[in-house]
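Colleague: need a 3D model of the sequence below.
(2 chains)
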Protein chains: 2
Amino acid sequence: MVPHLTTALTGPLLDLEQHMLDAQPRIEQWLRAKWQEHDAPFYASVDLRNAGFKLAPVDTNLFPGGFNNLNPDFMPLCVQATMSAVEKVCPVAQRFLLIPENHTRNTFYLQNVATLAGILRHAGLSVRIGSLLPEITGPTVMDLPGGQSLTLEPVRREGDKLRLDGFEPCAVLLNNDLSAGIPELLKGLKQPVIPPLHAGWATRRKTHHFSAYDQVAAEFSSIIHMDPWLINPFFDDCHEINFQERNGEECLAAKVDELLQDIREKYREYGVKNAPFVIVKADAGTYGMGVMTVKDASEVRGLNHKQRNKMSVIKEGQQVSEVIIQEGVYTFESINEAVAEPVVYMMDHFVVGGFYRVHTGRGQDENLNAPGMHFVPLAFDTSCSLPDYAAGPDTPPNRFYAYGVVARLALLAAAIELENAAR
Amino acid sequence: MVPHLTTALTGPLLDLEQHMLDAQPRIEQWLRAKWQEHDAPFYASVDLRNAGFKLAPVDTNLFPGGFNNLNPDFMPLCVQATMSAVEKVCPVAQRFLLIPENHTRNTFYLQNVATLAGILRHAGLSVRIGSLLPEITGPTVMDLPGGQSLTLEPVRREGDKLRLDGFEPCAVLLNNDLSAGIPELLKGLKQPVIPPLHAGWATRRKTHHFSAYDQVAAEFSSIIHMDPWLINPFFDDCHEINFQERNGEECLAAKVDELLQDIREKYREYGVKNAPFVIVKADAGTYGMGVMTVKDASEVRGLNHKQRNKMSVIKEGQQVSEVIIQEGVYTFESINEAVAEPVVYMMDHFVVGGFYRVHTGRGQDENLNAPGMHFVPLAFDTSCSLPDYAAGPDTPPNRFYAYGVVARLALLAAAIELENAAR
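Modeller: Model prediction:
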């Protein structure tokens, strides 16, 4: 079962997919060269939006939380890619301490942790799970659906190393995006911390990521001769905003207006009849909190109390003072009339699978990763690495190949972003 | 469908499998360290024999010819491993010239070439197939079962480069084992030749491989505390033999006798009731020609005319003057009463799949890779990288994991063998 594109405007996308298929040797050679220059993150997931006329990343997660949603058939791919990632980052490691998010009541998330731990174990690592939660004071077994369980253990710091009872990890793997800031416990560790602390939302900014993506998309587009806009959403930032005190509203409105005009121009060029929209979201945010869809600059001027509240606080109660204004990309993929948004998973620089977030109650111009949003995951049916040259674009293996290419461009942007942040 | 072990002597093997499962993190860490020191061959297949009490490699092929026999579900694994191999060997390459064996009438082999070319293409390479056959004077389309076809083209040398009409390859991938010697055409090329020419049977010797395997098996066995004999067949060589003129017969008989005694001692130690046997085969041979099973030294003394002929000539009419005498390992795996021998496929240092050679008309002590031997391939059902920790040894994922470990040990031996040969 694969979602269908429900737009008449598939022309440019089919061109784009065909283009990517035709240019595959050039694309893969270019990517190979890039991965000689840049180190891929250990793992990542990329949210894509497929508008038919445009296929673009809208978010790159360096602490992916949906491994349980991948097609189990692709577990061997995950294991192989993990072996490759471990070789690069910490070849001598034998024991991994996995530090998850503090969502102990989110069964879906815990299943992700269990799946991820399973992948790491199959790649030949001893894995135990250390919780940052103060209430975890001893080994705590969490029961999961299907008879599985997960044991969380309290993390202890001894000198400049983390450990659990009877377990001295060689490396620390974070599956916690550090939205609440970098805990003291994790600072200045002697063990390798993967991804590095500066990959967390305590320091990361979406605008830095998309600046790097601008470069990547421009270079990539030049080698396969296409308009980078077809894979790249416009964006701008607003870095001194206070929704509660209504500071910076005018600046935001002006930039929203400018961006909407830029999009309108592009829509005109490609004959897109839909209304342009932008997404305003926290620059350091995640988890779909503090996000709004805007079709007219006036909408950000007269925010009511509830809207202001919604925009000003994100995960872990962090205040929002910096936002990214991102070109909204319509999602024109749907399955049984529900909107479907692809998410691509990568380990090292390999695409290991993906799934669709399928949501019935949302519009084509809304964010599908929002609180209370209980999407149904639909695992990709086939791999992203087996395009069918004999078939046309728009067949699943070819669409998935295009997804894999765009996701890897976002991954490359993340690699460059992390390098810049480490300077 | 998975073959069953038909021996009561599974004790030591189940111990071995359980041992490998328990020691997985240590094994994988050790292998990771080894692959930092040694470069894995681009690809390889390893023939294993599973005697229940012993699991050992008996042949390592550096020009594997059965990609068509792998489970199609594992194609993404092959593609991912190929990407990794290309990155290491020739990251800038975009166009590969694939040079196959000269078996244009062997449809099974041609299907292998087609599958291999497909894997390379999916990994993002432009691939064309160049034949060394003089009768291929222009593009020649070979029809394959299932409506597939393969185009062979004549290879031309220009200066120190190979090319086809309208195609300048960046690298040359050999799927031809050079049994007939190294063609002038391939000597001193500027393009990378993969695997290197010295991996061909023109220079390769089985005894060199198994000497390297001796070291690898000894070190591996010491880290997981077991008797290396359980994964390593004894062997010896005889390097001045002429079957036609009956020279060296006595030397051969004496060494056969010695080896049989060594095996008998080990059989006694482990309580194995079967009769020991050795395999005498060409040291530079392949393709199952020039192979005999010997249970008593007297058998190599009184060879009749037909036997002498059989032993003295191998593939491409090469004369045999050097033989390896290898401990025979019983194959106690069978399916529907047919003997089954596992073959494990690797690309770079990753296990990408495997299959069983299933043959009804052969005994447990015979070579299953012999001329006229029409085995039925039975693809491995599951991957070799997903052992099931909750299940016991002898369940397929755990048996396949053990296969993958032993095959990678043979691969490591091949890496060391090639390094030594390059000196």
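
Colleague: and residue A:177, how far from residue A:68?
Modeller: 17 Å (Cβ to Cβ, to the nearest Å). Glycine gets a C-beta too; all of them are placed from N, C-alpha and C.

Colleague: sorry, that was for residue A:163
Modeller: Counting by Cβ to Cβ - residue A:163 and residue A:68 are separated by 27 Å.

Colleague: between these two, which has more neighbouring residues?
Modeller: residue A:68 (23 against 19; other Cβ atoms under 10 Å in any protein chain shown).

Colleague: pLDDT value on the spatially closest residue to that one that is not a sequence neighbour, please?
Modeller: Nearest residue to residue A:68, sequence neighbours excluded (Cβ to Cβ, 6 or more residues apart in numbering or on different chains): residue A:111, at 3.9 Å. Here the pLDDT value assigned to residue A:111 is 96.

Colleague: likewise for residue A:368?
Modeller: So, for residue A:368, pLDDT stands at 54.

Colleague: again with the one 3 residues further on
Modeller: According to the predicted model, the pLDDT of residue A:371 comes to 52.

Colleague: before we move on, what about residue A:193?
Modeller: Looking at residue A:193, the pLDDT reads 97.

Colleague: just checking, it touches residue A:170?
Modeller: No. Counting by Cβ atoms under 8 Å, residue A:170 is not a contact partner of residue A:193; they are 11.6 Å apart.

Colleague: so residue A:296: helix, strand or coil?
Modeller: Of the three states, residue A:296 takes coil according to DSSP: H, G, I helix; E, B strand; the rest coil.

Colleague: tell me where chain A has helices.
Modeller: Using DSSP state H, the helices found in chain A span residues A:11-22, A:24-37, A:75-89, A:107-122, A:206-223, A:249-270, A:298-301, A:305-312, A:396-422.

Colleague: would TSV of the ones you listed with distance to residue A:200 and mean neighbour count be doable?
Modeller: Formatted as TSV, those follow (distance: least, Cβ to Cβ, whole Å; neighbours: other Cβ atoms under 10 Å in any protein chain shown):
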stretch	distance to residue A:200	mean neighbour count
helix A:11-22	32	19
helix A:24-37	23	18
helix A:75-89	17	24
helix A:107-122	17	21
helix A:206-223	13	19
helix A:249-270	26	17
helix A:298-301	28	17
helix A:305-312	21	15
helix A:396-422	10	22
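
Colleague: just put those in JSON lines and tack on distance to residue A:181.
Modeller: Shown next, in JSON lines, are those (distance: least, Cβ to Cβ, whole Å):
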{"stretch": "helix A:11-22", "distance to residue A:181": "40"}
{"stretch": "helix A:24-37", "distance to residue A:181": "31"}
{"stretch": "helix A:75-89", "distance to residue A:181": "24"}
{"stretch": "helix A:107-122", "distance to residue A:181": "20"}
{"stretch": "helix A:206-223", "distance to residue A:181": "17"}
{"stretch": "helix A:249-270", "distance to residue A:181": "25"}
{"stretch": "helix A:298-301", "distance to residue A:181": "28"}
{"stretch": "helix A:305-312", "distance to residue A:181": "18"}
{"stretch": "helix A:396-422", "distance to residue A:181": "16"}
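
Colleague: so which of those helices gets nearest residue B:147?
Modeller: Nearest to residue B:147, of all the helices of chain A, is helix A:396-422, at 18.2 Å by Cβ to Cβ.

Colleague: still on that earlier bit, tell me which of the helices of chain A sits nearest to residue B:208.
Modeller: Comparing the helices of chain A by Cβ to Cβ, helix A:75-89 comes nearest, at 27.3 Å.

Colleague: what is the rounded mean pLDDT of the closest one?
Modeller: 95.

Colleague: and for stretch A:260-268?
Modeller: Averaging pLDDT along stretch A:260-268 gives 96.

Colleague: neighbours around residue A:143, how many?
Modeller: 11.

Colleague: does any part of stretch A:34-43 sit near chain B?
Modeller: Yes. Counting by Cβ under 8 Å from any Cβ of the partner chain, chain B has neighbours in stretch A:34-43: A:35, A:36.

Colleague: show me what residue A:59 is bridged to.
Modeller: Counting by DSSP bridges, residue A:59 is bridged to residue A:47.

Colleague: contact partners for the residue of the stretch 101-250 of chain A found nearest chain B?
Modeller: Per Cβ to the nearest Cβ, residue A:124 is where the stretch 101-250 of chain A lies closest to chain B, at 2.4 Å. Going by Cβ atoms under 8 Å, 6 or more residues apart in numbering or on different chains, residue A:124 touches A:83, B:24, B:25, B:27, B:28, B:29, B:31, B:32.

Colleague: distance of the closest residue to the first one other than its chain neighbours from residue B:77?
Modeller: If I follow you right, that is residue A:83. Spatially, and ignoring its direct neighbours in sequence, residue A:83 is nearest to residue A:123 (4.9 Å; Cβ to Cβ, 6+ apart). Separation of residue A:123 from residue B:77 (Cβ to Cβ): 13 Å.

Colleague: what's the burial count for the residue nearest to residue A:83?
Modeller: Residues near residue A:123, counting by other Cβ under 10 Å: 25.

Colleague: and it, backbone torsions?
Modeller: The phi/psi pair for residue A:123 (degrees, to the nearest 10) reads phi -80, psi 0.

Colleague: just residue A:191 next, same as before
Modeller: phi -70, psi 150.

Colleague: my read: it touches residue A:172, true?
Modeller: Yes. Between residue A:191 and residue A:172 a contact is recorded at 5.3 Å, counting by Cβ under 8 Å.

Colleague: pull up the overlap in contacts between these two.
Modeller: By Cβ under 8 Å, 6+ apart, the residues touching both residue A:191 and residue A:172 are A:97, A:162.

Colleague: just to revisit the earlier point, name the nearest residue to the residue of the stretch 101-250 of chain A closest to chain B, ignoring sequence neighbours.
Modeller: For residue A:124, the spatially nearest residue (Cβ to Cβ, 6+ apart) is residue B:28, at 2.4 Å.

Colleague: which parts of chain A sit against chain B?
Modeller: A:24-29, A:31-33, A:35-36, A:73-77, A:79-81, A:83-84, A:86-87, A:91-95, A:121-126, A:350, A:383, A:385-387, A:389.

Colleague: can you count the residues close to residue A:133?
Modeller: Residue A:133 - counted by other Cβ under 10 Å - has 15 other residues nearby.

Colleague: so who does it touch?
Modeller: A:102, A:104, A:152.

Colleague: would you mind giving me the ChimeraX syntax to select the buried ones in those?
Modeller: The ChimeraX selection below is limited to those of the contacts of residue A:133 classed as buried (16 or more other Cβ atoms under 10 Å in any protein chain shown):
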select /A:102,104,152
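
Colleague: in strands only, show me the contacts of residue A:133.
Modeller: residue A:152 (DSSP state E).

Colleague: am I right that residue A:215 is in contact with residue A:419?
Modeller: No. If you go by Cβ under 8 Å, residue A:215 and residue A:419 don't touch, sitting 12.0 Å apart.
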